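Undergrad: requesting a structural model of the entry that follows:
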Amino acid sequence: MLFSERSIWTMVHGIGLGGAALLGLAAALFYLYAARPVPDPTGNETGSRAFAMVTVFSAVMLWLTVII
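TA: As a prediction, this is how the structure comes out:
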């Protein structure tokens with residue numbers, strides 16, 4: 001057998017979940033940079049919802065990484 005069960009869980013932990021968490025955090029940081037205060041007369045709030053979803057995704061991925 002090429003990989004043991006423990007090594008497969010290590011790969012899932014490090015590459016899968018850790019990588020997804022890092023991508024989510026990078027997206028959240030980019031959004032914070034891109035969402036600089038700009039006067040918007042329409043009051044569009046869809047961007048804040050997207051930021052919240054990316055932040056929740058990152059938190060879930062980090063918790064799964066820690067648990068596994």
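
Undergrad: spatially central residue for the protein, please.
TA: In the chain, the residue lying closest to the centroid (Cα atoms, centre = their mean) is Gly24, at 2.1 Å.

Undergrad: not counting its neighbours along the chain, what's nearest it?
TA: Ser58 (3.4 Å; Cβ to Cβ, 6 or more residues apart in numbering). For glycine as for every other residue, the C-beta is placed from the backbone atoms N, C-alpha and C.

Undergrad: OK, contacts around that neighbour?
TA: Taking Cβ atoms under 8 Å, 6 or more residues apart in numbering, we find Ser58 in contact with Ala21, Gly24, Leu25, Ala27, Ala28.

Undergrad: all the strands of this protein, residue numbers only.
TA: Using DSSP state E, no strands are assigned anywhere in the chain.

Undergrad: which stretches of this protein have low pLDDT?
TA: Along the chain, segments meeting pLDDT under 70 span 37-47.

Undergrad: do that again at 90, thanks
TA: 1-2, 9-68 (pLDDT under 90).

Undergrad: quick one: the helices in it, in order.
TA: With helices called from DSSP state H, the chain shows them at 5-11, 18-34, 46-67.

Undergrad: only the buried residues of the last one, if you could.
TA: Residues Phe51, Val54, Phe57, Ser58, Met61, Leu62, Leu64, Thr65 are the ones in helix 46-67 that count as buried (16 or more other Cβ atoms under 10 Å).

Undergrad: quick check: Val60 vs Ala34, distance?
TA: Remark: distance between Val60 and Ala34 (Cβ to Cβ, to the nearest Å) = 22 Å.

Undergrad: kindly report the same for Arg6.
TA: On the measure of Cβ to Cβ, Arg6 and Ala34 end up 41 Å apart.

Undergrad: also Ile15?
TA: Distance of Ile15 to Ala34, computed by Cβ to Cβ: 28 Å.

Undergrad: again, but for Gly24
TA: With distances taken as Cβ to Cβ, Gly24 is found 15 Å from Ala34.

Undergrad: go on, Val56?
TA: Going from Val56 to Ala34 by Cβ to Cβ gives 18 Å.

Undergrad: what's the nearest residue to Phe57 if we skip its chain neighbours?
TA: In space, and not counting its chain neighbours, Phe57 is closest to Gly24: 4.8 Å by Cβ to Cβ, 6+ apart.
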